[in-house]
Every structure is written in C-alpha cells, then in structure tokens.
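A.B. asks: I'd like to go over a predicted model; first the sequence, then the structure.
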Amino acid sequence: MALFTNLTFYVFPARTSARAYKIRRKVYETNGAVVLSTLDPKTSPKPTHIIVDSDWLAQPERVRGSGLGHSEVWAEQNGDVPIVCDTWVLECMAQNKILDVGPFLLRATEQKNAETESDSETESDSEPERKPQKKLEQKQLHGKEPEQKITDPAHIYDTALEGVRTGSAKEEESPNAAALQGLKRLQEHYNSLDDRWRALGYTRAISVLSRETTPIRTFQEARALPGIGASLARKIVELAAGHTVDPPLVSALDTVEIKANEERAALAQIHGVGPATARKWHAAGIHTLADVRSRLWDQLTPAQQIGLDHVEDFAARIPREEVEQHWTIIREAVHAVDPSAEALCMGSFRRGSAMCGDVDIVITRAEATAADLRRVVARVLVKLFESGYLVASLSGPMPGVDGPGEYDFGDDGDDGDDESELSDESDDGKEEDNDDEGKKGFSQFLDEYSKATSSTDFSSIPPAKRLKLSPSRTTETSSPGTRAAAACTTANSSPSRGATSPSQPCGSQQSSPASSSNLFSPRISNFAGSKKPIAHKQKYRLPRLWMGAGVLPEGSQGLESGQPPRWRRIDIIMVPWAERGAAMLHYTGSGLFNRSMRIVAMQRGYHLSNKGLYRAIVPKGRKSSGVKVRLCIPEQLVEATDEYKIFEILGLPYRPPNERSK
DNA sequence: AGGCCGTACTG
DNA sequence: CAGTACG
DNA sequence: GCCT
C-alpha cells in the first residue's frame, strides 16, 4: 500500500498548468495521495493536508498574499487541515513513513522567516512614525511563536479558530444588560432624530459596555471605559440602578416625542428606509407599517416593497447553523458555474457569532477581475433564482422575474463581443472595472448569462417559473399585460408572518386606486428607470454588491416547525482577486471595527478601504499636525491582497476575526 | 471648536 | 445630488 | 454622545 494512501492533498500554489506542479502532483499521486485541484469543502472532499511549495516559504509575504490567505480562511471556516511545507512530503517519502506534521507546519515556518526578515524589513521601511507600534507587534508575534507542539493542527490558524469554536458566540446575559438596554433605546432615539453623531457616541458606548464581563455599577467604573464620558457614565449608573429611560432618566424627552421616535424607528426598519424617509413619512402622518402599506405602497421603491413585506424576517437574527446552510447552497451554485471560484462566508459569521444578521458571501477567483466575476455571479444568480432559493433582489432586477421580455436569453444573442478579456494585471492596483467598457448594460448582462450559460439549464426562464416563486396571490392578480405583476408579486408574496402586515394582500391595496391608478406601471418604471419606460433597463449592470433574499428549501433542518421559512438577507460580493485581502478585512467587519481601523490608518497617513490600503496624499496646504487632514487623496496602493499584512503595515497587532467586534 | 469611515448603489 | 446600504 |  502506497505511502500516502487515504491522504488527500491540496497543493499550493495550484498552478495546474505549471510543469513543476504537474510533476509534484504526479509524485504524490503515485504514492497514493489524492490531489485536489480545488480547495473547496463542498465540491471536493476535505483535504487532509495542504501542501505549500517550499520555494514560496522563503517569502512569507508572498505566500500570504497570494492565495494562501484564502486557504487560511477556508481552513478557518472548515476545520483543521494542517498547512505544511512540502518538505514534509519529501521527508515522509525519504523515511517511508508518515511523519508528524508539527515541525513542518506553515505557521511556524512562516513566523520564523518573518522574524528574521522583519527586523531588516522594519528598519529599512520608510515609515518612521510607526516604529513603536511595530515593536509591539513584533512582541506579539514572538509571544505566539513558542514552538507549540501541536498535536492539534488547529493551532496553526492562530487564535481565530479557537474563537470560532469556542464561540465567543454567546452573548448571553451581560451583567450590564439593564444599562445596555436603556442605552440602545437612547441610541435608537437619537438615530431616528437624525442626531447621528450623538447616536454614534451611544453606539460606541454600547459596544464597549457589552463587552464588559463585570458589572459596572459606579460612575467611576463606567467613566473609566473608553468612549464613556461623564454623561454616559451617569446614565449607565442610573440605568443599572433600575431606572428606566422614559420617565426619569431622560426627562428631557417627553413621552410624546419618545413615542414618535419609536414609530420613526419602526418605519426605518424597512430596508431602503432610513431616518430621513422615516421622518418625512411620519411628518406626513404615516406612523405605522400598516400606514405605509395602505397609503404609500405604490410609491415605494421595489426594494422598499420587499423590505416592507419582510420587515420581520429581515430583522430576525439567523442562527449560525442556518447561515452555514445558506452558504453551502450558494457555494455549490458557484462551483457548479465555476469550480475555480471561491465563495467565502464573511460578516458576523466569520467573526464567530452564534447569531448572525445576514449572510455575506464574498466571491472571488484567482486572477479574476470584477468583470470576470460578474459573469460568474450572473449565472449563479439565475441558477439560484431558478431553483427557488433566491426569492428577491434588493438591488437590480430579479433575473427571470423582472421585466417582460428582457430576459429572453435566446434572442439577443449576438453581440457582443466586446468583451475582451481583460486579463488584468496587477501591476498596480487600480484595475478596477474599466474592463467592461462603459456600461453596456443589460444586454451585456444578458449576454453574459447566455454566453456563459451551458445552454440547457437556464436558457430561458419561463414566466411560469416566476409565478412559481410566488405561490400566493400571484395568480389572481396577474392579469393581462402584467408580467410585471409577477415580478412584484414575487416580492410581495410572502406569507406575511409579520404582525405588521395588516391583512390586506397587496393585491387588494393595489387595487385601491388611492394615488396612482395603475399599480403596475410604477413598478415597472421603477425597475426600468422612470423616465423611459422600458428601454432603459438596458442600462442595467450587475452590481458588485448584490443584495437580495434567499429561503432555505422546505425540508431543511433546523427551521422552525410549521411556519414557512424566513426570508433571509443575502449579500453577494464580487471581489477582484487583487483586492481580496482588503475586501475580507472590510466584509468581516464589524462596522465599528472597520471605522476605528480606518481612523488609525488615517492618522498614520494611510487611506484604508475595502479596496486596499493606500498611502494618503496630504495636500501641501496643511501640515499633518496631530490631527487629521481632510482631502486625503488615495495615492499609491500599498497593500490589498493580504489581510494580515494590512495590520502589519499599519503597525497594529493582528486581530483574528473573532476579536473584531470593535 | 470641530472631527467622528469609505465605497457604491438607487432614484 | 441625497439617501441608503455594506462591513 | 466622546475625543482631541
């Protein structure tokens, strides 16, 4: 029996065309190993080892930045697969036995290398100001380094895994629950007043306090926390002592105002409705969701209509296990379309939360540009809509559901062409999406679908299908000339589980001629662009951030019994390969964490976003005295592919996802 | 006194 | 452009 | 709201 029988390897870098790769692969295989060509939990079996080319190990940053980062994420989310240097394989063969991977684990190797290099690197590097931090960081690295004897391979992924596993997940009861509750209320209050900065103060305070594990009962204790000043400290103490927000504590607010704000806050729960709209509506006498439905329905944007129909669903938290199921469905669809593409689950899921707000999936692929990914994702969306998993699109049209003829794949055919393959380069980092030359639009969109589509499957999506998506009142409503009806119905069709929805089916209200007689026209125009009726839709181009909703299939496990499954918010983000590190950082969040990290970047003369870390340009007019300078124009891309490195360059100690609550 | 994240979509 | 959304 |  061959040495590696029963072992499954994934070889990195997976340059399947490279000669060296082929040779290595062959060697492994002749020794009995199964070598995976893609690293994916679903389409392929889980590897037992990830093997990294030793040449790459000489340059840790290169390894991290070039895809291994992905392996790490993958591993982080899927379990303990040791990442080892290929010398392990060679040693095994030399000794004809399977050796302990411990000494060959990448993390250790990498850190050793990093250590030797980092000194010179640090010094030689041009940033004078961040020296102190650097030191700290190094210290941390050293701290972790102690030759762990790793029997459990999970250690190599650093604390990230532990966090996920242990689940910092349970937020359970905080000893400061009472205060937190009151603060949340006030935060909401100021938010709906549009006093955003004050609200931000509360948000930060809540974040800090919620992470506190000991009871905060005195003014001093509270005041000592970062982000909590005298005013908040006082409130916290009072709240903890049992006072309520309404009457005593916030006497400044009369009950009437409080009530109004709660109503506004409720309105703003609708996706697509923020403080401004909520205030406007409220001022106009629209105080409840029912009011919105009955009096404003046909003025709502398509997204708002969907949002209204599913306020409750969308507000509900999603158990981590369910997120996993969504992720699997999407990932499989992605792989069916393009096996080399990756679908990573980010957001609170990656941070390890037990309950998540939505499902954030980042789609990327080696070397891919945004345009490449659009092609992939377009097909994925069609597929998922077709299967009935996706049920709504909050941005852009719903493939197969929207406008009438536009989705006939068959006809337009042609064209095109201009595609040009942009092989992107990475020379600098601003490749962006210039690729698709202008925005061609919808036709291109369709084209991409049809082109990419393997003929059969989604060659066309018959109207019937659309109806199917929306079982309920579609049928009766749909009348002649209302293909659009199908569309809107789909959106509305939910069996309203919300208490909010006041019985009347949208069909009926629509029929109520209230303002606009024709219900369908507004929506069509919404999708198409109000001015020009239909022709306009041609402008549509799949957004890089697609927002929508999905539902687990009926029989799925873990769903509440009885009730129809909830619609869940799904975000699918297309991330160009070159930006994956920055994008992962961004989409892992949390929002507050991102903001504070960006502030640090700013203070250190950088500009950080989901697209990368840039050196900022300071207009010569000002001196960057301690404070921040506006008009920082992103100048030169410093780093975008490696999440870890971004921390490093900023002089910040790496924070694993589960510690990024703030 | 003045900042408080940065990007991208929709209408 | 304002508004909303994403983390 | 808090922080500089």
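C.D. replies: Everything's here; your move.

A.B. asks: make it CA atoms for all contacts and neighbour counts henceforth
C.D. replies: Noted.

A.B. asks: which residues of the stretch 51-200 of chain A lie near DNA strand B?
C.D. replies: A:W197, A:L200 (CA under 7 Å from any atom of the strand).

A.B. asks: residue in the stretch 51-200 of chain A nearest to DNA strand C?
C.D. replies: Closest residue of the stretch 51-200 of chain A to DNA strand C, CA to the nearest atom of the strand: A:D194 (8.5 Å).

A.B. asks: which SS class is that residue?
C.D. replies: Recorded secondary structure, A:D194: coil (DSSP: H, G, I helix; E, B strand; the rest coil).

A.B. asks: quick one: it from A:K280, how far?
C.D. replies: Distance of A:D194 to A:K280, computed by CA to CA, to the nearest Å: 12 Å.

A.B. asks: looking at those two, which one has more neighbours?
C.D. replies: A:D194 (15 against 12; other CA atoms under 10 Å).

A.B. asks: what's the pLDDT at the residue lying closest to the more buried one once chain neighbours are set aside?
C.D. replies: Once flanking residues are discounted, A:D194 sits nearest to A:P275: 6.1 Å by CA to CA, 6 or more residues apart in numbering. Note on A:P275: pLDDT of 92.

A.B. asks: for A:P275, give me the backbone phi and psi.
C.D. replies: Torsion angles at A:P275 (phi, psi; degrees, to the nearest 10) stand at phi -60, psi -40.

A.B. asks: ok, now which ones touch the residue of the stretch 101-250 of chain A found nearest DNA strand D?
C.D. replies: Residue nearest to DNA strand D within the stretch 101-250 of chain A: A:G229 (2.7 Å; CA to the nearest atom of the strand). Contacts for A:G229 (CA atoms under 8 Å, 6 or more residues apart in numbering) come out as A:R223.

A.B. asks: okay, it: pLDDT?
C.D. replies: Reported pLDDT at A:G229 in the predicted model: 93.

A.B. asks: the residue of the stretch 51-200 of chain A closest to DNA strand C and A:T277 touch, don't they?
C.D. replies: No: between A:D194 and A:T277 there is no contact under CA atoms under 8 Å: 10.7 Å.

A.B. asks: stretch A:644-657 and DNA strand B in contact?
C.D. replies: No: applying CA under 7 Å from any atom of the strand, one finds stretch A:644-657 separated from DNA strand B by no less than 13.1 Å.

A.B. asks: hmm, that stretch in reach of DNA strand C?
C.D. replies: No: among the residues of stretch A:644-657, none lie within reach of DNA strand C under CA under 7 Å from any atom of the strand; the closest is 9.9 Å away.

A.B. asks: can you list the buried residues in that stretch?
C.D. replies: Residues of stretch A:644-657 classed as buried: A:644-654, A:656-657 (neighbour count, 16 or more other CA atoms under 10 Å).

A.B. asks: return the member of the residues you listed nearest to DNA strand D.
C.D. replies: Taking those together and measuring to DNA strand D by CA to the nearest atom of the strand, the closest member is A:L652, at 16.7 Å.

A.B. asks: for chain A, what lies in contact range of DNA strand C?
C.D. replies: Checking chain A against DNA strand C by CA under 7 Å from any atom of the strand, the hits are A:268-278, A:347-348, A:357-360, A:547, A:571, A:586-591, A:594-595.

A.B. asks: and these, which of them are in helices?
C.D. replies: A:P275, A:A276, A:T277, A:A278, A:G347, A:S348, A:H586, A:Y587, A:T588, A:G591, A:N594, A:R595 (DSSP state H).

A.B. asks: which among those gets closest to DNA strand D?
C.D. replies: Checking these one by one against DNA strand D (CA to the nearest atom of the strand), the nearest turns out to be A:R595, at 12.3 Å.

A.B. asks: residue ranges for the strands of chain A, please.
C.D. replies: For chain A, applying DSSP state E gives strands covering A:8-12, A:34-36, A:49-52, A:83-85, A:318-319, A:341-345, A:355-356, A:359-365, A:390-393, A:545-550, A:568-574, A:606-609, A:612-617, A:633-639.

A.B. asks: with just CA atoms, put the first one into CSV.
C.D. replies: Right, strand A:8-12. This file holds the C-alpha atoms of strand A:8-12, laid out as CSV (Å, rounded to 0.1, in the frame of the first residue of the first chain):
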residue,chain,number,x,y,z
THR,A,8,-5.8,13.9,0.4
PHE,A,9,-3.7,16.9,-0.6
TYR,A,10,-4.2,20.3,-1.9
VAL,A,11,-1.1,21.7,-3.4
PHE,A,12,-0.4,25.3,-3.2
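
A.B. asks: what about the stretch 551-662 of chain A, any weak spots by pLDDT?
C.D. replies: Low-confidence regions of the stretch 551-662 of chain A, defined by pLDDT under 70, span residues A:557-561, A:618-634.

A.B. asks: residue of the stretch 551-662 of chain A nearest DNA strand C, please.
C.D. replies: Closest to DNA strand C within the stretch 551-662 of chain A is A:G589: 3.3 Å, counting by CA to the nearest atom of the strand.

A.B. asks: show me the contacts for that residue.
C.D. replies: With CA under 8 Å, 6+ apart, A:G589 has these contacts: A:G347, A:S348, A:R351, A:R660, A:S661.

A.B. asks: what separates it from A:D100, distance-wise?
C.D. replies: Separation of A:G589 from A:D100 (CA to CA) stands at 36 Å.

A.B. asks: one step back: nearest to DNA strand B among the ones in helices among the residues of chain A next to DNA strand C?
C.D. replies: Closest to DNA strand B out of these is A:R595 (3.7 Å), distances taken as CA to the nearest atom of the strand.

A.B. asks: got CSV for the strands of chain A, with mean neighbour count and distance to A:Q299 too?
C.D. replies: Below are those laid out as CSV (neighbours: other CA atoms under 10 Å; distance: least, CA to CA, whole Å):
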stretch, mean neighbour count, distance to A:Q299
strand A:8-12, 24, 53
strand A:34-36, 19, 52
strand A:49-52, 24, 54
strand A:83-85, 27, 55
strand A:318-319, 19, 30
strand A:341-345, 24, 35
strand A:355-356, 20, 31
strand A:359-365, 25, 29
strand A:390-393, 26, 18
strand A:545-550, 20, 20
strand A:568-574, 25, 23
strand A:606-609, 24, 35
strand A:612-617, 23, 38
strand A:633-639, 17, 39
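
A.B. asks: looking at those, which is nearest to DNA strand D?
C.D. replies: When these are compared (using CA to the nearest atom of the strand), the closest one is strand A:606-609, at 17.8 Å.

A.B. asks: mind giving me the packing neighbours of the closest one?
C.D. replies: On a contact count with 3 or more CA pairs under 8 Å, 6 or more residues apart in numbering; DSSP states H and E, strand A:606-609 meets helix A:591-603, strand A:612-617, strand A:633-639.

A.B. asks: ok, now with 10 Å
C.D. replies: Contacts defined by 3 or more CA pairs under 10 Å, 6 or more residues apart in numbering; DSSP states H and E place strand A:606-609 against helix A:580-588, helix A:591-603, strand A:612-617, strand A:633-639, helix A:643-650.

A.B. asks: out of the buried residues of stretch A:644-657, the closest to A:P397 would be?
C.D. replies: Of all those, A:P657 has the smallest distance to A:P397: 33.3 Å, by CA to CA.

A.B. asks: which residue, other than its chain neighbours, is closest to A:N658?
C.D. replies: Per CA to CA, 6+ apart, closest to A:N658 is A:R351, 4.2 Å.

A.B. asks: hang on, the one you found packs against A:P656?
C.D. replies: Yes: between A:R351 and A:P656 there is a contact at 8.1 Å, judged by CA atoms under 10 Å.

A.B. asks: that older thread, adding distance to DNA strand B and neighbour count, write the contacts of A:G589 out as TSV.
C.D. replies: Shown next, in TSV, are the contacts of A:G589 (distance: CA to the nearest atom of the strand, whole Å; neighbours: other CA atoms under 10 Å):
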residue	distance to DNA strand B	neighbour count
A:G347	13	26
A:S348	15	25
A:R351	18	25
A:R660	15	19
A:S661	14	18
